[in-house]
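Chemist: Following is a predicted model, sequence given first.
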Amino acid sequence: MEVFYFLVFGGLAAVVAALELSKTSKDRINTSTAFTSFKNNYLLVYSLMMAGDWLQGPYVYYLYSQYGFGKGDIGQLFIAGFGSSMLFGTIVGSLADKQGRKRACVTYCITYILSCITKHSPQYKILMLGRILGGIATSLLFSAFESWLVAEHNKRGFEQQWLSLTFSKAIFLGNGLIAILSGLFGNVLVDTLGLGPVAPFDAAACFLAIGMAIILSSWTENYGDPSESKNLLTQFKGAAVAIASDEKIALLGAIQSLFEGSMYTFVFLWTPALSPNEEEIPHGFIFANFMLASMLGSSIASRLMARSSTRVESYMQIVFTISSASLLLPTVINFLVAPSDVKGGSISFKGCIQLLGFCTFEACVGIFWPSIMKMRSQYIPEEARSTIMNFFRIPLNIFVCIVLYNVNAFPITVMFGMCSIFLFVATLLQRRLMVISESQRSRPQDWKERDTEAESLNI
């Protein structure tokens, strides 16, 4: 069965290479030299930021266990991280609109570096502080950088369609290639060089420091609403009013929460799903397969968004439907294939089928990220962009905390079935978003025709 992993990896790598090398003029967007320089600078910074994040991921749980903490204590640390992101992260992230997005990005670097430093201490309180800092940093990572990019892109007068190119490349590199390289680099530090489980966190801090230096030296500041008369509470009220008064923004927030909630739940479930009887599976290699699948998705998204005739709101319905079916696969297989009682060994046939389904879901994740970024840039008002984006993460963090707290309360097939239902609901909401956006696009034309008729009557 070990050959199966290589076949999947080789197949995904071949498809990604073929897609990238076979791009025609229809699949590419003609841009300017100034934009290319701007895009490459952002991609470099974003890749360094994601390297700082990906290096830590595989070793957080392992480090805590090495310090002698049990599953319950470690679970509380993880819940603290998501809770911090929901509470403190929402406040700090929202300040980016008023205090400046560049400043928020620098704050992300400093906060995450401090979080990395706390990993050197085996004391539970220090590690808890690190998780709180990490939660704040996560909110900034997924709001401040995108807000800065959109505002700076528009300020420099670049075409709106070019923004999708930056989004797709950022996901291709940051959530794909960088994730794979970070996993390999972390493995070298811990296993090959024998530097211990803290080494990846030290390396992450170095990458974050380099990225912060580039931000300080080459980025300009931009704001949402720098008005001195608006305090944080006023910003929150304004963001809440914007979400409540514009159905498109509310739908976008619900879609994001449903998809990301399912995605984070999948992160906790894929290991027990592939090794229900303690089968020996190569976690690092499977993770690399997932990241390759994500790269495949972002490559497909870049082709789709390069064509002006293809609307994001339309094809995302298909993406959510496929993702819903892929996470329903473990539940379906459990009914069709009798479970085995044999302990250990390599991955089972059922596990192989599930792995293919999980790779399909990761490809959908690769399409989702640049596509949701594109829709956010269209629908979320600039003056409250970071605040609204952090509002979107509140239900997500509540959902993940509930799942973490009750992860052992339900069978794994029930959890996957729940995620599949959430993704199906996201499909329905995406359909509603498309209908609204289509109706609003056609409305100006209707008014134009009415004005023309009125003018002809006056004549």
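Modeler: Yep, that arrived. Numbers count the residues shown, from 1 in each chain.
Chemist: So residue 147 versus residue 159, what's the distance?
Modeler: 19 Å (C-beta to C-beta, to the nearest Å). For every residue, glycine as well, the C-beta is placed using N, CA and C.
Chemist: And the two? Which one has more around it.
Modeler: Neighbour totals were compared for residue 147 and residue 159, and residue 147 leads with 30 against 13 (other C-beta atoms under 10 Å).
Chemist: Figure out the helix or strand that that one lives in.
Modeler: Following DSSP states H and E, the helix or strand that holds residue 147 is helix 144-155.
Chemist: residues contacting the residue most central in space within the chain?
Modeler: Closest residue to the average C-alpha location of the chain: residue 369 at 5.8 Å, with C-alpha atoms, centre = their mean. Each residue near residue 369 by C-beta atoms under 8 Å, 6 or more residues apart in numbering is listed here: 167, 171, 175, 298, 301.
Chemist: which residue ranges form the helices in the stretch 51-200 of the chain?
Modeler: In the stretch 51-200 of the chain, helices defined by DSSP state H, counting those that start in this stretch lie at 60-66, 71-99, 101-118, 124-141, 144-155, 162-172, 178-187, 199-218, listed in chain order.
Chemist: Going by mean pLDDT, which of these comes out lowest?
Modeler: Lowest mean pLDDT of the helices of the stretch 51-200 of the chain: helix 71-99, a mean of 80.
Chemist: Just the angle for that one relative to helix 101-118, thanks.
Modeler: In this structure, helix 71-99 runs at an angle of 160 degrees to helix 101-118, with axes from the mean of the first three to the mean of the last three C-alpha atoms, to 10 degrees as the basis.
Chemist: Show me what counts as buried in stretch 115-122.
Modeler: By neighbour count with 16 or more other C-beta atoms under 10 Å, stretch 115-122 contains the buried residues 115, 116, 117, 118, 119.
Chemist: shouldn't residue 118 be in contact with residue 124?
Modeler: No. With contacts counted by C-beta atoms under 8 Å, residue 118 stays clear of residue 124, the gap being 11.0 Å.
Chemist: where do the strands sit along the stretch 351-459 of the chain?
Modeler: The residue ranges that make up strands in the stretch 351-459 of the chain, judged by DSSP state E, counting those that start in this stretch, are empty, as it has none.
Chemist: Let me have the helices of the stretch 51-200 of the chain in CSV, extended by distance to residue 356.
Modeler: Output for the helices of the stretch 51-200 of the chain, formatted as CSV (distance: least, C-beta to C-beta, whole Å):
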stretch, distance to residue 356
helix 60-66, 26
helix 71-99, 28
helix 101-118, 34
helix 124-141, 30
helix 144-155, 31
helix 162-172, 22
helix 178-187, 19
helix 199-218, 29
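Chemist: Which one of those helices lies nearest to residue 234?
Modeler: Distances from residue 234 to each of the helices of the stretch 51-200 of the chain were compared using C-beta to C-beta; the minimum, 9.6 Å, belongs to helix 71-99.
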